[in-house]
Structure formats: structure tokens, C-alpha cells
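[1] would you be able to build a 3D model of this:
(one chain, ligands or ions: 3)
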Amino acid sequence: LPDLADAVGSPNLLTDPDVVAGYCVDWTGRFHGGAAAVVRPASTDEVAAVVAACRRHGLALVPQGGNTGLVGGSVPGEGAVVLATTRLTAPADVDAAGGQATVRAGTTVAALHAAATAAGWDYGVDFAARDSATVGGTIATNAGGVRVLRHGDTRAQVLGVEAVLGDGSVVSHLGGLLKDNTGYHLPSLLCGSEGTLGVVTAARVRLVAAAPARAVALLGFAAMEDAVTAALALHRDLPVLDAAELMTGAGIDLVCRVLDLAPPFAARHAAVLLVEAAATGDPTAVLAEAVSGVEGVVDAAVATDGPRRAALWRYRESHTEAINHLGPPHKLDVTLPSAALAPFLAEVPAVVRRVVPGADVWLFGHAADGNIHVNVTGVAPDDEAADDAVLDLVAAHGGSISAEHGIGRAKVRWLHLNRSAAEIAAFRAIKRALDPDGILNPGVLLPEG
Ligand code: FAD
Ligand code: MLT
Ligand code: ZN
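    Ligands and ions are numbered 1, 2, ... in the order given. Below is the predicted model:
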């Protein structure tokens, strides 16, 4: 503790058990831990001093940003030290001419959006946890979100990073050159590394062209298969498509019940697709034309002004919160090849109920990029039968067991479904090289041992 206090200053070393407890449970309430202390460094040098102290004393170190992760990756094991990035913030340094920004790891996604917008640009990654999720956390998880179909995932935005690696060295490459083929691309390696290789302290990100004119349509379908076909067709036919988000009638009912909202349609539909078009000029006509070519639409609601668009988005973005009201969910965030998406959606509820008869299965997600969130409620936090059944089904369809949330603690034992023994051995070799004492986030991403 004295070494950690030397590293960050006593006021930024937290040891009061009641305070520390707040850093030891995840957003869903499914994963719990027990840290010895929390440190809040304010600079890269202080992060390096914390890493050095943890190495000297053989302590596990768990980076934590907004703690909005959904796979237990930011939850410390017993006796670990949490490194909270709360103080690693500063106004984003925006290069308005070049369309880039240098941003510190603790900055929220919402703050980065605001800085980009103020400079006439936008940032390509967005999702409902934007007010809490941090740039460092989104890099560590390679967050996806609602705009991947247009702008790619976080990895596609990151041009450079600054990080303190597990061996205590500081790597910094924030020049922002778009063309720079000078060896291994450490930003790509750190994207999706889930705090196991280094603590990200800053990043250089590309910005995307602003598209302030927006139109949102909520489309009702009698069959899930039709909604999936529509999402894929709109992705192909509508270049200004910014989001295509799939929901079920049951999911919308739940959101309306928990948040006390009026339903979006007079009738209930088996599947609902939210589509958003964004451009510099009003995209309503082009969206309407594309939707008129889509088969199976039985109902539609359209919004162009900000408040009404937000009201339609609320049905989609409130799914996570509404499902949490039913108790800690098992969150299975998966991608399917596009041809397998509709068959998977049709099969998965019965596959779950075969192993956990009383369970409820909630399906929603970013369908146009193949990503579906399968949430299972009514199952004890440590009962993994449903997880097993869903992830086996995903693998049988040639999908990924983690589309965007990462492996964390939740999915370590299924990593082999997507990664060969040779790949896992390569992962371990990288981990040993950058974090020789294994202090960074042990138990996350890679099976221990
Ligand atoms: P944390 O939860 O604090 O940490 C996540 C992981 O990153 C942990 O392994 C942690 O150790 C590591 N980490 C954090 N900061 C650093 C750092 N500076 N250096 C190294 N490692 C670090 N995710 C999506 O991909 N798409 C979505 O659409 C989406 N929507 C969401 C909606 C809601 C309502 C919620 C609650 C979550 C959602 N998420 C989504 C999940 C979550 O927001 C993302 O995973 C996000 O990237 C986590 O950021 P964070 O700052 O909260 O990280
Ligand atoms: C989403 O798309 O809403 C997020 O990934 C969060 C979730 O899966 O609950
Ligand atoms: Zn998602």
C-alpha cells in the first residue's frame, strides 16, 4: 500500500471496503470480486509506477474504465488492485483539418462525440453506454455498437495508442499517420486485449464525416426471418444506412412494461427493425424509397426530428436496462454468418429451453452485421447450461462466441470453440512477452495455466 500511495498520492489510493466494493461488481450484477485497493492515477507516469509496484509485490492489476463491460472483464479477483482510469481525462485534442483526435483513456465516448461534433466531425463508434463507457475500455474490448455496418468497430478507428505494458514499459505512437507500415501494429493488438497486455492511457483516433440530417424508421414484421432479410437488403441497397437494429415483439413489450412507455404500434409484431439513415442532406426520401422495396413490412413509424428519433431509439437502447430488471442475465453476444442468422434465431429459444425449461430468451442486436445478443434470464448466475447450449449452437453455425463484448471472465471456457490450440498458444506467447509476470487481468480472456 505505501508503494501504491507513492505512485498515485494517498488521496488516490482507496482502501475503505465500502468504497472499494463499488468497483467489485459488474454492470449486470452477475460477476463479483474483492479488490484489496483501488488506485486512480492521473498520468501515464503514474500508471507506470502502479504497474511497477504491482510487479514488485506480485499483485494482480485490473484496469477499469466505466465498468459497463458485459463479460465480467473489469471485475477484480480477490486481493487484486483496480486501476480506475477516472482521472486519465482531458479535453480531446481535435485536429479539425486532419479529422483526427488524441484522447485520453478515461474520456467517455459521449465526450469524444461532443468534441468531434464541435469540430464539424463525428466519431464512428456509438452505443447506449456512451455516457459512462471510456475510450480506454472501448479499445480494450474493441467495442462495436450500432454503427459498425458503416464505420467499422473500434479497431477501425484507432490509428495509434499510448499504453503501459505489463512489463512496465511505455509505448506511445500517437502521430496519426494514415499510412505507416513500420512493423507490428500494436494498436490492433491492444484492441480487444481486455486489459491483459497493457493499460491504455491515450489514443489517436480517426473521425468520420458528420451526417447531421437523420431519419429513423421502426418497421414491424410478422416473421423474424423477414426482418433479417430486410436488414441485410437495406445494408446492401442504402449507402446512407447508419444502423439496422433488430428486436422482438416480446423485447419491446418488456421495455414498455419496465420503462412505462406506450407501445410503438397499435398491433404487436413478432419482429421489429429500427433503421436509421444519416447524410448531410435530408435522407427521409431515400430511406422511404429503400423501405418501399423491402418485403414483409406490415407496419411503420418514421421520425425525423431529434426528440421523436430519440423516442424510437429508446425502444432499442433500453433493452439492456429492461432485461437487467429481471435479475442478472446471461449475456451471449454472438455473430453468425448472414445465411445462418435467421435459422439460428429460430432455433435458439428451444435449444435453451431444452436445458433450462423455465428460462426466458431475449433476442436483439445489430442484425445487419450478423451480431445478435442472446440474453437468458431466469437462470442462476453460476448455472452455465444455457451458455453452453447457445455457444455450441453458434459454433455449429460457424459463428463467433463474442461479436463485440469480448471474452472476459464469462466466456473463457468456450474460447476453444473459435480459436485453435495453435492460436491460443500464440496468444499465450504474446501475453508472456508483454506481461512476463502475468499481473494484468489474470483469469480474463485466456484460460489460466
Ligand atoms: P470497463 O467495463 O471498465 O472494462 C472493460 C474491459 O476493458 C475490462 O477487461 C477492463 O479491464 C478493460 N479496460 C478498461 N479500461 C482499460 C484501459 N484503459 N486499458 C486497458 N484495459 C482497459 N458494447 C459494445 O461493443 N457494443 C454495444 O452496443 C454496447 N452497448 C452497451 C449498452 C449498455 C447499456 C451497456 C451497459 C454496455 C454496452 N456495451 C456495448 C458494453 C460496454 O459498454 C463496452 O464493452 C465498453 O467498451 C466498455 O467500456 P468501459 O470503459 O465501461 O470498460
Ligand atoms: C446492445 O447492443 O444493446 C449492447 O451490446 C448491450 C447488450 O448486449 O445488452
Ligand atoms: Zn450490442
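
[2] neighbours of Ala84, just the number please.
    Per other CB atoms under 10 Å, the neighbour tally for Ala84 reads 22. Glycine gets a C-beta too; all of them are placed from N, C-alpha and C.

[3] OK, contacts around the one residue in the stretch 301-449 of the chain that gets nearest to ligand 2?
    The stretch 301-449 of the chain approaches ligand 2 most closely through Thr320 (3.5 Å), counting by CB to the nearest ligand atom. Listed by CB atoms under 8 Å, 6 or more residues apart in numbering, the contact partners of Thr320 are 70, 128-129.

[4] what strand or helix carries it?
    Element membership for Thr320 (DSSP states H and E) is helix 319-324.

[5] secondary structure and neighbour count added to the contacts of Thr320, as a markdown table?
    Below are the contacts of Thr320 laid out as a markdown table (DSSP: H, G, I helix; E, B strand; the rest coil; neighbours: other CB atoms under 10 Å):
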| residue | secondary structure | neighbour count |
| --- | --- | --- |
| Leu70 | coil | 24 |
| Ala128 | coil | 18 |
| Ala129 | coil | 23 |
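
[6] which ones, among the residues you listed, also lie beside ligand 1?
    70, 128-129 (CB under 6 Å from any ligand atom).

[7] near ligand 1, which residues of this structure?
    Looking at ligand 1, the residues of the chain close enough under CB under 6 Å from any ligand atom are 27, 62-70, 73-74, 85, 105, 127-129, 132-134, 136-138, 140-141, 143-145, 194-195, 199-200, 320, 404-405, 441, 444.

[8] could you check how far Gly251 is from Trp362?
    The gap separating Gly251 from Trp362 is 5 Å, by CB to CB, to the nearest Å.

[9] which residues are common contacts for those two?
    In contact with both Gly251 and Trp362: His319, using CB under 8 Å, 6+ apart.

[10] grab the nearest non-local neighbour of the residue nearest the centre of the chain.
    Centroid-nearest residue in the chain, with CA atoms, centre = their mean: Ala143, separated by 3.7 Å. Leaving aside its sequence neighbours, Ala143 sits nearest to Thr154 (CB to CB, 6 or more residues apart in numbering; 4.9 Å).

[11] then Ala271?
    Spatial nearest neighbour of Ala271, excluding adjacent residues (CB to CB, 6+ apart): Ala227 at 3.8 Å.

[12] can you check Asn441 too?
    Gly195 (4.2 Å).

[13] okay, the one you found: pLDDT?
    Model confidence at Gly195, given as pLDDT, is 98.

[14] which element, helix or strand, includes it?
    Judged by DSSP H and E, Gly195 forms part of no helix or strand.

[15] equivalent analysis for Ala243, please.
    strand 241-248.

[16] and Ala310, by the same measure?
    helix 306-317.

[17] on that earlier part again, from the chain's centre, how far out does the strand holding Ala243 sit?
    16 Å (CA atoms, centre = their mean, to the nearest Å).

[18] what is the mean pLDDT for whichever helix or strand comes after it?
    Helices and strands here follow DSSP H and E; after strand 241-248, the next one along the chain is helix 249-259. Averaged over helix 249-259, pLDDT sits at 98.

[19] check whether the next helix or strand after helix 249-259 contacts ligand 2.
    As assigned by DSSP H and E, the chain's next helix or strand after helix 249-259 is strand 271-279. No: remark: strand 271-279 sits outside contact range of ligand 2, by CB under 6 Å from any ligand atom, the gap being at least 11.5 Å.

[20] before we move on, back to that, buried stuff in the helix holding Ala310?
    309, 311-313, 315-317 (16 or more other CB atoms under 10 Å).

[21] over to stretch 125-140?
    Buried-residue list, stretch 125-140, by 16+ other CB under 10 Å: 125-130, 133-140.

[22] what about that stretch, near ligand 2?
    Yes: remark: stretch 125-140 sits within contact range of ligand 2 at 127-128, by CB under 6 Å from any ligand atom.

[23] distance from the chain centre to that stretch, please.
    Counting by CA atoms, centre = their mean, stretch 125-140 comes out at 7 Å from the chain centroid.

[24] over to stretch 247-263?
    Counting by CA atoms, centre = their mean, stretch 247-263 comes out at 23 Å from the chain centroid.

[25] same question, stretch 326-334
    Taking mean C-alpha positions (CA atoms, centre = their mean), stretch 326-334 and its chain are 14 Å apart.

[26] same check on stretch 378-386?
    Centre-to-centre, stretch 378-386 and its host chain are 22 Å apart (CA atoms, centre = their mean).

[27] can you pull the phi/psi pair for the nearest residue to Gly399 once chain neighbours are set aside?
    Using CB to CB, 6+ apart and skipping residues adjacent in sequence, the residue nearest Gly399 is Leu336, 4.2 Å away. Backbone torsions of Leu336, given as degrees, to the nearest 10, read phi -120, psi 150.

[28] counting neighbours, what do you get for Leu336?
    23.
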